[in-house]
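1. Predicted model and sequence below, questions to follow.
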Amino acid sequence: MRERLTLAFVGLTVVLLVLVGVVRGIWLSHEVREDELDALGEHAAQVAVVFDRRFDGGLPVSSLQLQDLTSSDIQLTVSHPDSPDLTAVGDRFRADALGDPLRVTRTVGETTVVAVQGDAHVRASAQSLVTSLLGIMLVAVLLAILLGLAIARRLSEPFASLARSAGALGRGRFDIDLPESRIPEVVALGAALKTSAQNLEHEFQRNREYAQLASHALRTPITALRLELDELLLDRRLDEETRSSLTRCQTGVMRLQDTIAELLELGRGRGLLGRTTITLRELADTVGRRWGDQLPEAREVRTRVEAGGELSIMPGPVEQVLDSVLADVCAHGAGPVTVRLEAEDRHVRLHVSGRARDDLPIEPPTERTDAATAASITRFLGGTWDGDALDGGLDILLPRH
C-alpha cells in the first residue's frame, strides 16, 4: 500500500510539473523573444533619429556611418525619400542562419529603419532558462518523492498496524493493539476489530464454562449411577438373571461415561480458532526474533525447544502469555532471558528464567502488572502457573489448542 500511495503521489506531481513546465517553457520563450524585439526596436529607433537629423540638416550620409551604429549580429537598412537605401551588416550576421529572424521597423520623420536579427540569441537564452526550469522540476520531483514516502508511510502505517492486529486475532490473541489515528476508516476498522476480539474472548469464556458445566452435570449423576450399580452387584442375594441385567447396565453406563469424556475432550480441543496453527519451533523463532529486535544485545531472549518442536499449536494464547511474562522480566530483571518450550499431546510447557536486578527488590508476581496479567490469562485458558521467572524460574502449562 505504501508503494502504491508513493507512486500515485509522485505520478500526480510529475504530471502537474510537466504541464506547468510546458506552459512555463512556452511563456519563457515568448518573453525572451519579446524582450529581444523590444531591444532591437529601441536600437532601430535610435538609428532612425540619428539619420533623420542628418537628412534634415543636409549632412552627408553613407553606409560607413551606418556601419558604426550596427551591432555585430544585426542588419540595418535606412530608407529616405531623398537618398538611396543604405544597408549595414554586422560581422556575425549570417543570412543563412537566421532561423525565425527578429524583424522590426521604426520610422522617425521621413526616415525608416528596418532591423533584422537572427534568433540564435533568443534560442540560447530560452534554452538556458528552460534548462534552469528542468533543474527546478527535477528538484521538485525529488522533493515530491521524499514527501510522498513520508505521507505514504504516515497514511499506511495505521492500516499496516490494523493488518498486524487482525493477524494476531486470527492466531487467537485477544489483546490486540489498535493504532492511534484520526482517519475515520482506521477508527472504524479498529473499533470493529476490538469488538470482534471482545466477542471471541467472551465466546471462548462461554465455551470453557459450558464445558465445565457439562462435565459436572453429566459426569456426576453417571458416576453416582455407576457407584449404585457397583453396590447392587455386591449383594450376594441377587439371582443370576438380575445380576446379568445389572452387569449389562453397568457396561452401558461405562460406555456412556467414556463417550461423554470423549465428547467433552473434543469440545475443549476444537477451540474457536483451532485451524490457525503453527509448529512449536516456528513459535519459538518468532518470539525470539520479535523480542530480539526490541531489546539491546545484553538483554537478549534465548528460546530453546526441548521436545515436540514439530507439533502444531494455536500460537495466539502462548504468544500472549509469553509477551506478558517477557515484558515483566525485561522490566524488573537484568541480563539474558531463557525460554524453554516443550509440546505434548494436549499441552504446551513453558519455562522462563531470568535474573533480578540488583538495585531492585524482588516483588511477588501478584504485585507486578505484566506478571499478574500473564497469570490471569494462563488461568483463564485453563492452564497452570507455578514459580517466579525472577526467582528460580517460572513453569507454565497451557492447552495446545
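-> All right, it came through fine. Residues are numbered from 1 along each chain as shown.
2. Spit out the contact partners of Cys148.
-> Residue 148: Gly, not Cys. Applying C-beta atoms under 8 Å, 6 or more residues apart in numbering, we find Gly148 in contact with Leu5, Thr6, Phe9, Val10, Thr13. To be clear about C-beta, it is placed using only N, CA and C from the backbone, and glycine gets the same treatment.
3. Now do the same contact list for the second one.
-> Put plainly, it is Thr6. Neighbours of Thr6 in contact, by C-beta under 8 Å, 6+ apart: Ile145, Gly148, Leu149, Ala152.
4. one more time with 6 Å, if that's ok
-> Residues in contact with Thr6 (C-beta atoms under 6 Å, 6 or more residues apart in numbering) are Gly148, Leu149, Ala152.
5. Which of these fall in helices?
-> Members of these lying in helices (criterion: DSSP state H): Gly148, Leu149, Ala152.
6. The last one and Glu306, how far apart?
-> Here the criterion is C-beta to C-beta, to the nearest Å. By it, Ala152 lies 45 Å from Glu306.
7. One more: the second one?
-> If you measure Leu149 against Glu306 using C-beta to C-beta, the figure is 45 Å.
8. One more: Val113?
-> For Val113 relative to Glu306 (C-beta to C-beta), the value is 104 Å.
9. if you count what's nearby, which of those two comes out ahead?
-> Using other C-beta atoms under 10 Å as the criterion, Val113 and Glu306 rank with Val113 on top: 27 against 12.
10. So that one, which state does it fall into?
-> With DSSP: H, G, I helix; E, B strand; the rest coil as the basis, Val113 sits in strand.
11. Quick one, grab the pLDDT at it.
-> The score at Val113 is 89. That number is its pLDDT.
12. do Ser132 as well
-> Reported pLDDT for Ser132: 83.
13. what's across from the closest residue to Gly393 other than its chain neighbours in the sheet?
-> In space, Gly393 comes closest to Ser353 once its chain neighbours are excluded; the distance is 4.0 Å by C-beta to C-beta, 6 or more residues apart in numbering. Note on Ser353: beta-bridge partners by DSSP bridges are Thr338.
14. Could you give the number of residues near Ser353?
-> 21.
15. What are the boundaries of the strands in the stretch 251-400 of the chain?
-> Ranges of strands in the stretch 251-400 of the chain, per DSSP state E, counting those that start in this stretch, are 278-279, 301-307, 312-313, 333-343, 347-356, 384-388, 393-399.
16. List of residues touching the fourth one?
-> The reference is to strand 333-343. Against strand 333-343 from outside (C-beta under 6 Å, 6+ apart): 280, 284, 300-308, 311, 329, 349-357, 390.
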